[in-house]
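Visitor: Mind folding the following:
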Amino acid sequence: MCRNIKTLFNFEPPATEDEIHASAIQFVRKLSGFNRPSQANEAAFDRAVAEVSAAARKLLSSLHTHAPTRDREVEAEKAKERSRQRFG
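Guide: Numbering: from 1, shown residues only. Below is the predicted model:
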């Protein structure tokens with residue numbers, strides 16, 4: 001599951017709300033062990049996703065770097081190449 005959490009900082013264009021939310025879902029899934037929570041746990045799961053999303057948003061907005069921004073397409077191509085080398 002954690003492989004699906006992507007780096008969101010220092011990209012142009014900046015991370016979208018959907019990307020932040022998707023990362024929060026993956027994080028909460030990993031912590032809870034639930035791919036989908038039961039009805040009894042759904043409210044707690046959704047609340048955790050909202051709280052993690054808010055924390056991620058706050059973190060991303062407060063980080064600073066002098067490094068040049070990264071291009072999403074270039075990074076995606078690098079990941080594909082690593083995958084080709086790893087899995088053939």
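
Visitor: Only C-alpha atoms, please: export stretch 17-26 in CSV.
Guide: Output of stretch 17-26 as CSV, limited to C-alpha atoms (Å, rounded to 0.1, in the frame of the first residue of the first chain):
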residue,chain,number,x,y,z
GLU,A,17,-6.5,18.6,-3.1
ASP,A,18,-7.2,15.2,-4.7
GLU,A,19,-3.6,14.2,-4.5
ILE,A,20,-3.4,15.2,-0.9
HIS,A,21,-6.6,13.3,-0.1
ALA,A,22,-5.5,10.2,-2.0
SER,A,23,-2.2,10.1,0.0
ALA,A,24,-4.2,10.6,3.3
ILE,A,25,-6.4,7.6,2.4
GLN,A,26,-3.4,5.4,1.6
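
Visitor: what does the average pLDDT come to for it?
Guide: In this model, stretch 17-26 has a mean pLDDT of 94.

Visitor: List the buried residues in that stretch.
Guide: 19-26 (16 or more other C-beta atoms under 10 Å). Yep, even glycine has a C-beta here, placed from its N, CA and C like the rest.

Visitor: okay, and for this structure, where does confidence drop off?
Guide: Counting by pLDDT under 70, the chain contains low-confidence ranges at 1-4.
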